[in-house]
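1. One predicted model, sequence on top.
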Amino acid sequence: MRSFPVDLARAQQEWSATYRQLAARPGRTELRRRLYRLSAEVFFHPYWGQRRPSPAAWRELRDLGWSDRAGS
């Protein structure tokens, strides 16, 4: 498993928690805005500037976010 920067892993975990909240309460503007902001934070993180993300790297990061259900 890769070692992701703490802030990138945190942003992905927050993205996953926000996504679950939005699924439970669709149409919530504040949750959609938060999801957009977190998406940009994850996608444009400086970590990805150092190396091109492979599909496997994206999958590991997404799995990391979904595995942390304590924040939901």
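-> Thanks, I have it.

2. going forward, measure contacts between C-alpha atoms and count neighbours the same way
-> OK.

3. Now Gln50: phi and psi?
-> As for Gln50, its main-chain torsions (degrees, to the nearest 10) stand at phi -80, psi -30.

4. er, Ala56 actually
-> Here is the backbone geometry of Ala56 (degrees, to the nearest 10): phi -70, psi -40.

5. residue contacts, the residue nearest to the spatial centre of the chain?
-> The C-alpha lying nearest the average C-alpha coordinate of the chain belongs to Gln12 (C-alpha atoms, centre = their mean; 2.1 Å). Gln12 is in contact with 38, 42, 61-62, 64-65, counting by C-alpha atoms under 8 Å, 6 or more residues apart in numbering.

6. how much space is there between it and Leu61?
-> Computed as C-alpha to C-alpha, to the nearest Å, the Gln12 to Leu61 distance reads 7 Å.

7. Give me the outermost residue of this protein relative to its centroid.
-> Gly27 (19.8 Å).

8. for that residue, helix, strand, or coil?
-> Classification of Gly27 using DSSP: H, G, I helix; E, B strand; the rest coil returns coil.

9. Near Gln13, how many other residues are there?
-> Gln13: 25 surrounding residues under other C-alpha atoms under 10 Å.

10. what about the nearest residue to it once chain neighbours are set aside, which helix or strand?
-> Leaving aside its sequence neighbours, Gln13 sits nearest to Gly65 (C-alpha to C-alpha, 6 or more residues apart in numbering; 4.0 Å). Using DSSP states H and E, Gly65 maps to helix 55-67.
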